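A.B. asks: Need a 3D model of the following:
(one chain, ligands or ions: 1)
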Amino acid sequence: MTKVAIIYHSGYGHTKLVAEAVAEGAASVDGVSVDLVPVEDATDDLDRFDDADAIIFGSPTYMGSASGPMTTFMDATSKVWAEDRWKDKVAGGFTNSGSMAGDKFVTLQQFAVLAAQQGMIWVPLAMKNETNGPDMPAGDPKGLNRTGHYFGPGTQSDNAPAEKGNPPEGDIRTARAYGERVAKAAIRWGTGPL
Ligand SMILES: Cc1cc2nc3c(=O)[nH]c(=O)nc-3n(C[C@H](O)[C@H](O)[C@H](O)COP(=O)(O)O)c2cc1C
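C.D. replies: So this is what the prediction gives:
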């Protein structure tokens with residue numbers, strides 16, 4: 001069994017919906033089990049991820065960076081770093097925010113740098129923005145990767161309750177596809193030392 005952990009923070013529920021879509025995509029791959037963990041349960045229980053083959057980090061973008069609870073978690077992983085415990089695990093990340101851009105890229109970069117410090121193997125989204133062709137207007141909520149982030153999903157929700165349609169279906173589909181991609185990458189990368 002290949003194990004994919006998704007560690008996320010969500011203050012108001014929007015990023016949680018994205019995290020659930022990432023989990024759904026990963027779980028759709030044969031032979032993959034998923035551990036979807038709110039960051040509040042992860043920071044003091046880092047041993048939980050010892051046997052994960054892939055770890056995906058998710059956070060809303062708050063004030064142009066990962067949220068406070070997520071950066072507290074990131075600091076706590078220095079214990080793991082000191083012992084190289086996440087070295088050679090596959091890594092990924094996603095963020096959700098209110099604006100189409102909203103400085104989401106900073107949050108994705110934070111996750112990629114965390115992965116690099118931990119010696120992990122980062123998996124980018126590898127998905128074209130479906131909404132800049134002639135068939136769909138830029139940013140169409142039905143489109144895949146409509147915010148044009150390549151590091152990982154950069155989804156957008158309106159300042160309204162988190163529910164079906166907010167974030168919109170295109171972003172949820174993008175998140176599902178990313179979960180599936182990271183799970184497949186974990187299978188390809190393999191589980192044991194060389
Ligand atoms: C403290 C705070 C800071 C925010 N900063 C940003 C920001 O820098 N860029 C942005 O696009 N949206 C920003 N937003 C909007 C949130 O990213 C947006 O509401 C998101 O959906 C929240 O996700 P959550 O429901 O998972 O907490 C901010 C919201 C809060 C509460």
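A.B. asks: so Tyr12 touches Ala162, yeah?
C.D. replies: Yes: using CB atoms under 8 Å, Tyr12 is in contact with Ala162, at 6.2 Å. Using the backbone N, CA and C atoms, a C-beta is placed for each residue, glycine as well.
A.B. asks: Contact partners for the residue in the chain that the ligand sits nearest to?
C.D. replies: The ligand sits closest to Gly102 of the chain, with a gap of 2.0 Å, by CB to the nearest ligand atom. Residues near Gly102 by CB atoms under 8 Å, 6 or more residues apart in numbering: 61, 64, 156.
A.B. asks: Make a markdown table out of these and add distance to the ligand, secondary structure and neighbour count.
C.D. replies: Shown next, in a markdown table, are the contacts of Gly102 (distance: CB to the nearest ligand atom, whole Å; DSSP: H, G, I helix; E, B strand; the rest coil; neighbours: other CB atoms under 10 Å):
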| residue | distance to the ligand | secondary structure | neighbour count |
| --- | --- | --- | --- |
| Thr61 | 5 | strand | 25 |
| Gly64 | 4 | coil | 12 |
| Gln156 | 8 | strand | 24 |
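A.B. asks: buried ones in stretch 108-128?
C.D. replies: Buried residues in stretch 108-128, counted by 16 or more other CB atoms under 10 Å: 108, 110-112, 114-115, 118, 120-125, 127.
A.B. asks: let me fix that: stretch 131-143
C.D. replies: 131, 136, 139, 141, 143.
A.B. asks: So the second one lies in a strand, does it not?
C.D. replies: No: read with DSSP: H, G, I helix; E, B strand; the rest coil, Met136 is coil and lies in no strand.
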